[in-house]
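K.L.:
Model the structure of this input:
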Amino acid sequence: MTAQRHDAHEAALRTIKKLRAAGHVAMLAGGCVRDRLLGLPPKDYDVVTDATPARIKKVFASARQIGAKFGVMLIRKFGHDIEVATFRSDGSYTDGRHPDVVTFGTDVEDARRRDFTINGLFFDPVDERVIDYVDGRADLKACVIRTIGEPDRRFAEDHLRMLRAVRFAARLDFTIAPDTMQAIKRLAAHMESISAERVWIELEMILTDPTRSRGWALLVETGLIGHMTPLWQRISEEDSAVIARLAALPHRPVDAALALAATLCGRTPEAAERICRALRLSNRLSRSVVWMIRSLPLSRRQDSLEPADLKLLMAQESWPHLLELFRVDLAATGADLEPHERIRRRAAEIPTADVSPLPFVTGDDLCDMGVTPSPRMGEILGAIYRAQLNGRITSRAKALAMARKLMDV
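P.N.:
Numbering: from 1, shown residues only. Below you'll find the model as predicted:
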C-alpha cells in the first residue's frame with residue numbers, strides 16, 4: 001500500500017504504535033473519540049502521550065513544535081498532520097482564554113482540564129479500549145453536554161466554551177445539562193471580552209451546519225446572541241423569523257455568507273455592515289452579506305424588474321445565494337414560492353453572454369468627446385449601459401449617439 005492511500009486514522013495509529021515502541025503511553029483524545037463512539041466520521045485525530053516534546057522529537061525527527069507552551073508537536077505521516085500533545089494540567093486563566101501556567105502531568109489530569117465530559121475521553125486503538133475519567137460515556141449515552149467540574153470555573157477559564165457548548169448541543173442534537181445551561185446564562189456577557197475572530201470561528205460553524213436553526217435557538221435561549229459583539233444586540237421580535245429562515249435553508253452545509261445574511265436580512269444594510277465589521281469578517285464575505293441584504297428588496301419586486309436590473313444582479317458572484325435567500329425569506333413566512341420560481345425562470349432564460357456584456361461606450365470614449373471625469377460622467381455611462389442591458393441600444397454607434405444626446409441635457 002502506498003503512503004498516499006493511508007487514511008488519517010491509520011496515520012494516527014502508526015504514530016501511537018511508534019511512541020509505544022519507544023516506551024511511552026499514547027492514545028487518541030478529544031473529538032475523534034467522541035465522534036467514533038457516536039458513529040460519526042472524525043474530522044481529525046489527536047494523540048496524547050506521556051512523552052515530553054523533547055522525547056517526541058527524538059522519536060520523530062521531523063516533528064515540528066506548534067505549541068511550545070502547551071507541549072503540542074505536529075507529525076506529518078502519510079500526508080496527514082497529526083497533533084501529538086503531552087499530558088498536562090493547567091493553572092489559572094487570568095485572560096479568559098489561556099492558562100497562565102501549564103505543567104506536564106498524567107492522563108487523569110489531562111482529561112480533567114478539558115471542557116466537556118464528552119470531549120474528555122481517551123481511546124486506546126491498539127487494545128480497542130475507552131479510558132473515561134470524567135463520566136463522558138454516560139453523558140454520550142444520555143445525549144448531554146456537561147462541563148468537566150464546576151461550570152462557572154470552566155467558563156471563566158475560557159469564555160468561548162459557552163459558544164462551543166451551543167455548537168456541540170446543536171450539531172449532536174444533545175441537551176445542555178441544567179447547571180451548565182444556568183452558568184452560560186449567568187456568564188453570557190463575558191462573551192464580549194472574546195476577540196471577534198474567535199467568536200466568528202464558532203458562529204460560522206453553527207450557521208453553516210445543517211443544525212443551524214437549533215443552534216440559533218440555543219443562542220437565543222442562553223442569551224449569548226446579545227453578546228457576540230457589542231453591535232449585535234438581540235431584537236426579540238426577530239427571533240422566530242431568524243430561526244424560521246435558518247430552518248428553511250437546505251439541510252446540508254451552506255455558504256457562510258448566505259447563512260449570515262439569513263440572520264441579518266431583517267436589518268438595514270448599514271446595520272448588517274456594522275455587524276460584519278465588528279465580527280472582523282473578510283472584505284469579500286462582508287460585501288457578499290451586505291449586497292444580499294441590500295438586493296433582497298429588488299428580488300421581492302421581481303415582476304417589475306427591468307432586464308437591466310435582473311442582469312446587474314445576475315452579474316454578481318453572490319447571485320445564486322441571493323436567489324436562495326429570496327426563496328428562504330418566502331418559505332420562512334409560509335408564503336407562496338411562485339415569485340421565487342418566476343425570477344429563477346427569468347434568469348434562466350437570459351444567455352450567459354448577455355448578463356454582463358462589454359459596454360459599447362467607455363469613459364475613454366466620453367473623454368474623447370470632451371466630457372470631464374466627474375460624477376456626471378458616471379451617470380451618463382450608467383444610463384447608456386442600462387439601455388444596452390435593456391436592449392434599447394444594440395450597437396456602438398447608437399450608444400455614442402445616446403451619449404451625445406445626454407451630454408447636451
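
K.L.:
from memory residue 64 sits against residue 74, does it?
P.N.:
Yes: in this structure residue 64 lies within contact range of residue 74 using Cβ atoms under 8 Å: 4.8 Å. The C-beta positions use only the backbone N, C-alpha and C, and glycine is treated the same way.

K.L.:
Give me the more crowded residue out of these two.
P.N.:
residue 74 (16 against 12; other Cβ atoms under 10 Å).

K.L.:
gap between the more buried one and residue 82?
P.N.:
Taking Cβ to Cβ, to the nearest Å as the measure, residue 74 and residue 82 are separated by 7 Å.

K.L.:
Ok, residue 260 next?
P.N.:
Here the criterion is Cβ to Cβ. By it, residue 260 lies 33 Å from residue 82.

K.L.:
Check residue 140 too.
P.N.:
24 Å.

K.L.:
cool, and residue 76?
P.N.:
Residue 76 is 8 Å from residue 82, by Cβ to Cβ.

K.L.:
more crowded one of these two?
P.N.:
More neighbours surround residue 82 than the other of residue 76 and residue 82, with 23 against 13 (other Cβ under 10 Å).

K.L.:
Confirm that one sits in a strand?
P.N.:
Yes: if the criterion is DSSP: H, G, I helix; E, B strand; the rest coil, then residue 82 is within a strand.

K.L.:
Can you report how many residues lie near residue 65?
P.N.:
Neighbourhood size, residue 65 [other Cβ under 10 Å]: 14.

K.L.:
That one: which element?
P.N.:
Using DSSP states H and E, residue 65 sits in strand 64-67.

K.L.:
Packing partners of that strand?
P.N.:
Strand 64-67 sits against strand 72-77, with contacts defined as 3 or more Cβ pairs under 8 Å, 6 or more residues apart in numbering; DSSP states H and E.

K.L.:
What's the mean pLDDT across the strand it packs on?
P.N.:
Average pLDDT, strand 72-77: 91.

K.L.:
Which residues are in contact with the closest residue to residue 390 other than its chain neighbours?
P.N.:
Leaving aside its chain neighbours, residue 390 sits nearest to residue 308 (4.7 Å; criterion: Cβ to Cβ, 6 or more residues apart in numbering). By Cβ atoms under 8 Å, 6 or more residues apart in numbering, the residues touching residue 308 are 385, 386, 387, 389, 390.

K.L.:
Return the set of buried residues in the helix or strand the second one falls within.
P.N.:
Here residue 386 is covered by helix 375-389, with elements defined by DSSP H and E. Within helix 375-389, the residues that qualify as buried are 377, 380, 381, 384, 385, 386, 387, 388, 389, counting by 16 or more other Cβ atoms under 10 Å.

K.L.:
can you tell me which of those residues lies nearest to residue 349?
P.N.:
Nearest to residue 349, judged by Cβ to Cβ, of those is residue 389 at 14.5 Å.
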